[in-house]
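# no FASTA, just this:
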C-alpha cells in the first residue's frame with residue numbers, strides 16, 4: 001500500500017513539472033492592433049495605398065506583413081505595388097519590449113483592372129476568349145513557360161495576339177513587358193506578339209496585369225508600345241480579354 005502511494009506522489013510531481021514547462025511565455029501579450037482601413041483596399045496599377053494603426057501605443061512596435069511574408073516595421077504603412085507580392089492578404093501585429101506578439105489583424109489589397117484606350121491603338125474588348133497553354137521550357141522555347149493566345153478572323157484575315165508569361169497566373173499578377181523573349185524566364189517579364197495579315201508586331205515597353213477570379217483569367221494591357229519587324233511604324237495597344 002505504501003509503495004502505491006509513493007508512485008502516485010512521484011507521478012503527481014512529474015505532471016506538475018510538465019505543466020510548469022508548458023506555461024505561456026507571454027501571459028500579457030498585446031491586443032491585436034486596430035487599423036484605420038479594415039475592409040478591402042482596391043488599388044489600380046502604379047497607385048499607392050496607405051493604412052494606419054488606430055490609436056498606436058508608444059510602448060509597442062508594429063510590423064506589417066505583406067502577402068509574400070516580407071515585413072515592414074512602422075506605425076503607418078505606405079506601399080506602392082510594383083509586383084504581385086503586394087496584392088492579397090496583409091497582416092499587422094503589435095509587439096511589446098519583451099518580444100511578446102499579438103494576434104494578427106488582417107486585411108486584403110486587391111488589384112483593380114480598368115479598361116483603357118491607347119493612342120493610335122487597336123482595342124480588343126473581350127471579343128472572344130484566350131486560352132492558356134503550357135509550352136514548357138527548353139532550348140527551342142526557353143522564353144515561354146506559359147502562353148495566352150487570342151485568335152480572331154475579321155473579313156477573312158487572321159489576327160492573333162500571344163502573351164508569353166513566366167508563370168501560370170493564379171491571382172493578381174503584374175508583369176513588365178520586354179522586347180527580349182528570353183527576359184520572360186530570366187527577368188520574370190512578359191513578351192507580346194500581335195500577328196496580322198500584313199505584319200508582326202512585338203511589345204517594347206509597358207505593363208500587363210492578369211487577374212484570376214473564379215478560375216477565369218482577365219488580362220489587361222494599357223498601354224503597350226508595339227513595334228513592327230517590317231517597318232518603323234509603331235502604335236500603342238490597349239484592351240482586355242477574358243479567358244481560361
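The structure has been received and is ready for your questions. No experiment lies behind these values; they were computed from the predicted model shown.
# how about the helices in the chain?
Assigned helices in the chain, in chain order: 2-21, 183-186 (criterion: DSSP state H).
# just give me the lowest mean pLDDT stretch among those.
Per-stretch averages of pLDDT across the helices of the chain put helix 2-21 at the bottom, with a mean of 39.
# how's this structure carved up into domains?
25-112, 123-243 (automatic domain parsing).
# winner for burial among those?
Of all those, domain 123-243 has the most neighbours on average by mean count of other CB atoms under 10 Å, namely a mean of 17. Bear in mind the C-beta positions are built from the backbone N, C-alpha and C, glycine included.
# of the domains of the chain, which shows the lowest average pLDDT?
Summarising mean pLDDT across these, the least confident stretch is domain 123-243, with a mean of 73.
# ramachandran coordinates for residue 169?
The phi and psi torsions at residue 169 (degrees, to the nearest 10) take the values phi -60, psi 130.
# residue 213 is in contact with that one, correct?
No: using CB atoms under 8 Å, residue 169 is not in contact with residue 213, being 10.9 Å away.
# got a list of what residue 102 touches?
If a contact means CB atoms under 8 Å, 6 or more residues apart in numbering, then residue 102 has 29, 30, 31, 32, 33, 93, 94, 95 as its contacts.
# repeat for residue 86
Residues near residue 86 by CB under 8 Å, 6+ apart: 43, 66, 67, 79, 109.
# go again with 10 Å.
Residue 86 makes contact with 43, 48-49, 66-68, 70, 79-80, 109, 111, 172, 174 under the criterion CB atoms under 10 Å, 6 or more residues apart in numbering.
# ok, residue 67 - contacts?
When the contact criterion is CB under 10 Å, 6+ apart, the partners of residue 67 are 84, 85, 86, 87, 88, 89, 90, 91, 108, 109, 171, 172.
# need the residues you listed in JSON lines (columns: distance to residue 185).
Shown next, in JSON lines, are the contacts of residue 67 (distance: CB to CB, whole Å):
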{"residue": "84", "distance to residue 185": "17"}
{"residue": "85", "distance to residue 185": "19"}
{"residue": "86", "distance to residue 185": "23"}
{"residue": "87", "distance to residue 185": "23"}
{"residue": "88", "distance to residue 185": "24"}
{"residue": "89", "distance to residue 185": "28"}
{"residue": "90", "distance to residue 185": "29"}
{"residue": "91", "distance to residue 185": "32"}
{"residue": "108", "distance to residue 185": "30"}
{"residue": "109", "distance to residue 185": "28"}
{"residue": "171", "distance to residue 185": "21"}
{"residue": "172", "distance to residue 185": "21"}
